[in-house]
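Asker: Sequence and predicted structure below; questions after.
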Amino acid sequence: MARKPIMDTTLAKAVDQARAALLEITDESMIGEHLEAVNDGERLVTHRFEALRIGYEGWCWFATLTRIPRAQAKDITVCEVGILPGEDALLAPAWVPWAERVRPEEMDAERRAAEEAAAAEAGVEAPGQESGEADADAPTDGEVAAPEGTEAQDSEDPDAK
């Protein structure tokens, strides 16, 4: 069983260096108070700061620091900086592929539109439409299309219901 690395005190105390590294990617007004220093491994510490950026409630800035193994080496190196969501951060919903979220009637409408476009391009009538044959659901001359669940009205008789 591998031993758990001991927190490097030099890196744990390097809060100012971690904040300075974050200032290279964001404005000082966006970085809040220091939240914690996490031991990520031997001579590897991540400092977390509150994110004050609008729209990033629950997120935190981080700066991961390291140094060379010799005890007298105090030079700190910045490995990585960024922003990460916290436990109560607002996140975008998981991405769902189009084929899994589309409804069957949307697929039918898309198929019909593609068939009609192909027929128009070829100069022939759309499938299912014979020459001179009208769509049964389409309004006839003098009628106005009505919303689904209501009856079509004759445009010449304004009192018709």
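Answerer: On my side now, so go ahead. Everything numeric in this text was worked out from a predicted model, so none of it was measured.

Asker: where in the protein is pLDDT low?
Answerer: Across the chain, the ranges flagged by pLDDT under 70 are 1-2, 71-73, 126-161.

Asker: Mind checking which residue lies nearest the centre of it?
Answerer: Ala92 (4.7 Å; Cα atoms, centre = their mean).

Asker: Dihedrals phi and psi, that residue?
Answerer: In terms of degrees, to the nearest 10, the main-chain angles of Ala92 are phi -70, psi 150.

Asker: same question, Glu110
Answerer: phi -70, psi -40.

Asker: Just give me the neighbour total for it.
Answerer: Using other Cβ atoms under 10 Å, Glu110 has 11 other residues around it. From N, CA and C alone the C-beta is placed, and that goes for glycine too.

Asker: Roughly how far does the residue nearest to the centre of the chain sit from Pro85?
Answerer: 10 Å (Cβ to Cβ, to the nearest Å).

Asker: can you check Asp108 too?
Answerer: For Asp108 relative to Pro85 (Cβ to Cβ), the value is 39 Å.

Asker: So the two - more neighbours on which side?
Answerer: Pro85 (13 against 10).

Asker: In the sheet, which residues pair with the more buried one? Tell me.
Answerer: Counting by DSSP bridges, Pro85 forms beta bridges with Trp59.

Asker: give the contact list for it.
Answerer: For Pro85, the contacting residues are 58-59, 91, by Cβ atoms under 8 Å, 6 or more residues apart in numbering.

Asker: Quick one: buried ones out of those residues?
Answerer: In the contacts of Pro85, burial by neighbour count holds for Trp59, counting by 16 or more other Cβ atoms under 10 Å.

Asker: Hmm, Gly41 is touching Lys4, no?
Answerer: No. Look at Gly41 against Lys4 with Cβ atoms under 8 Å: they stay out of range, at 9.8 Å.
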